[in-house]
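Chemist: generate coordinates for the sequence data below:
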Amino acid sequence: MANAGMNLFDVAGKTALITGGGSGLGQFMAKALAEAGVRVYLVGRREDRLSASLGDHDGAIFALDLVERGATDHLFDMILAMDKQPDIIVNAAGINPRRHADDISESDWHYSVDLNLNVPFLVSQKFVPYMKQNGWGRIINIASLQSTRAFENGISYGAAKGGILQLTRAMAEAWSRYGITANALAPGFFPTELTAPLFADQAAAQRLAEATAIGRNGALEDMRGPLLFLASDASGYVTGQSIAVDGGFTAK
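Modeler: Below is the predicted model:
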């Protein structure tokens, strides 16, 4: 029985597509899946960072900006030429312009909403037919503390991340009957490129740590367990949900 329980979390032999796989949480999640025996397809704008993330792991890299017109079609065509299609999609690509509502430009607004909200849907939609054919699929979106709370200088990012929660529910409603679950991970404060300005202020980082129930900010390793749960059979009856990985920040 113990072995059967452990097998629930086994993802070896699966194939995952990770957007934003060249840095931050996307890079870590790509590494965690690869170490669990998953073939990883990494997508991002910087080829050198993608290559470094892939390293010696089984998989491939696709350097392109998913916001550009036709990029998702191009990505689909390139992956269609591979011998394996993705069973797991991790929509980790994101950007936060950090502009006040008075100052954010139209172009910054559109780029942020496109990358953080539109791209996760468009990428996932491309590969759902393959998942339907197999009767199994896992879509993992990245939500945020700003999905439910307003933060200073975060209006476009927060609007998009709020949308991620409803997108995840809508994906679940549309596709879960075919064996495809859709869930979101909502990280707290983790040291990544996106949060580098915050962690550069040690006093501010300490205040955020003290705002959690656990008393510290996140370490990338804290994402491994929740990721493998949502990527595996262990979460087969969990769909349309968001799991906060924030040390209890939102519990207080």
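Chemist: from here on, just use CA atoms for contacts and neighbour counts.
Modeler: Will do.
Chemist: okay, which residue is most central for this protein?
Modeler: With distances taken as Cα atoms, centre = their mean, residue 92 lies nearest the centre of the chain, 3.0 Å away.
Chemist: so that residue makes contact with residue 141?
Modeler: Yes - using Cα atoms under 8 Å, residue 92 is in contact with residue 141, at 6.8 Å.
Chemist: which helices and strands sit right next to the longest strand along the chain?
Modeler: Secondary structure of the chain per DSSP state E: the longest strand is strand 180-187. Here strand 180-187 touches strand 137-142, helix 155-175, helix 224-231, strand 242-245, going by 3 or more Cα pairs under 8 Å, 6 or more residues apart in numbering; DSSP states H and E.
Chemist: what are the pairing partners of the shortest one, and which direction each?
Modeler: Looking back up the chat, that one is strand 242-245. Paired strands of strand 242-245, with direction, are strand 180-187 (parallel) (DSSP bridges).
Chemist: mean confidence for the longest strand of the chain?
Modeler: Strand 180-187 shows a mean pLDDT of 98.
Chemist: likewise stretch 27-36?
Modeler: Taken as a whole, stretch 27-36 has an average pLDDT of 98.
Chemist: okay, buried residues for stretch 63-78 please.
Modeler: For stretch 63-78, a neighbour-count test (16 or more other Cα atoms under 10 Å) marks 63, 64, 65, 66, 67, 71, 72, 75 as buried.
Chemist: select from those every entry located in strands.
Modeler: Per DSSP E, these map to strands at residue 63.
Chemist: which of the buried residues of stretch 63-78 sits closest to residue 81?
Modeler: residue 75 (10.1 Å; Cα to Cα).
Chemist: that closest one and residue 62 touch, don't they?
Modeler: Yes - counting by Cα under 8 Å, residue 75 does reach residue 62; the two are 7.4 Å apart.
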